[in-house]
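Q: take a look and give me a structure for this.
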Amino acid sequence: MAANSIYQCLITLAAIVVLVEARSGQNIRIHEKVDGTWYDAHATFYGDMGGAETMQGACGYGDLFKQGYGLANTALSTALFNNGLTCGACFEITCVNDPNWCIPKAPPIRVTATNFCPPNYSKPHDNWCNPPQKHFDLSMAMFTKIAYYKAGIVPVRYRRVTCTKTGGVKFEVKGNPNWLIVLIYNVGGAGDVSNVKIKGSSGGWIQMSRNWGQNWQTGTVLVGQSLSFQVTTSDGKMVEFDNAAPKNWQFGQTFDGKINF
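A: Residues are numbered from 1 along each chain as shown. As a prediction, this is how the structure comes out:
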């Protein structure tokens, strides 16, 4: 099996494990807030300069180029991933304390969390994504902005920063008439969504539950109604998107909420 196929299999398995842990209430971690504090971690990269290997992943996003994230993305270790709740958060990262491999005077990079770097308990050493280590598995294009690619792994400092996105928050509607699932992406501000409510034009607000990553679900039948959303990010800010999807919406369509955080 090709290395890329093996990696994608690991990501899929990791997403399943994360979902089970989240639903069982185990290993839930506290969000790191946008506070400007720098923390120590390490960084590696996966894939090549094209970044195809960084698409999809455990946050539920798809084509990161079409969705506006591009190559400015990162997978997070267990200690940072927070069972998927950190998906969409933005980080500023700089290479430090390694004059052989850090690019001199390279400015910090800014990336969005779009994937999970699964732990590997089969090896006794160099498992950078294992708890409790804080680790960023970057796209190669981003890694090579702060370090030489031959380094493989470098010490970094990072901090949570506000996400700046172009255009409105996006809502991709999936599922079936009896089970509606909505992927929420291109979220500015804190970036990581912590709560979602949905309302059809014929009823009141309905609490959605997080399925995995930034996919949110409800079993309420809303076909034939226009859809509105209340989206809350981890800093407690809520934005309401009235009639984001018209009443003739179809499964598989994506709608622009027009406004952002």
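
Q: quick one: contacts of stretch 90-108?
A: Identification of contacts with stretch 90-108 by C-beta atoms under 8 Å, 6 or more residues apart in numbering yields 41, 43, 74, 109-113, 136, 138, 145-148, 150-151, 154-164, 191. C-betas here are computed from N, CA, C, even on glycine.

Q: pull up the distance across it, start to finish.
A: Using C-alpha to C-alpha, to the nearest Å, one end of stretch 90-108 lies 13 Å from the other.

Q: could you give the mean pLDDT of that stretch?
A: Averaging pLDDT along stretch 90-108 yields 97.

Q: returning to what we had before: tell me which of the contacts of stretch 90-108 fall in helices.
A: Applying DSSP state H to the contacts of stretch 90-108, the entries found in helices are Lys145, Ile146.

Q: PyMOL command to pick out the buried ones of the contacts of stretch 90-108?
A: The PyMOL selection below is limited to those of the contacts of stretch 90-108 classed as buried (16 or more other C-beta atoms under 10 Å):
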select buried, resi 41+43+74+109+111+112+113+136+138+145+146+147+151+154+156+157+158+159+160+161+163+191
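
Q: in stretch 186-204, which residues are buried?
A: By neighbour count, with 16+ other C-beta under 10 Å as the criterion, the buried positions of stretch 186-204 are 186-200.

Q: show me what the host helix or strand of Phe255 is packed against.
A: Secondary-structure element containing Phe255, defined by DSSP states H and E: strand 254-256. If contacts are counted by 3 or more C-beta pairs under 8 Å, 6 or more residues apart in numbering; DSSP states H and E, strand 254-256 sits against strand 170-176, strand 238-245.
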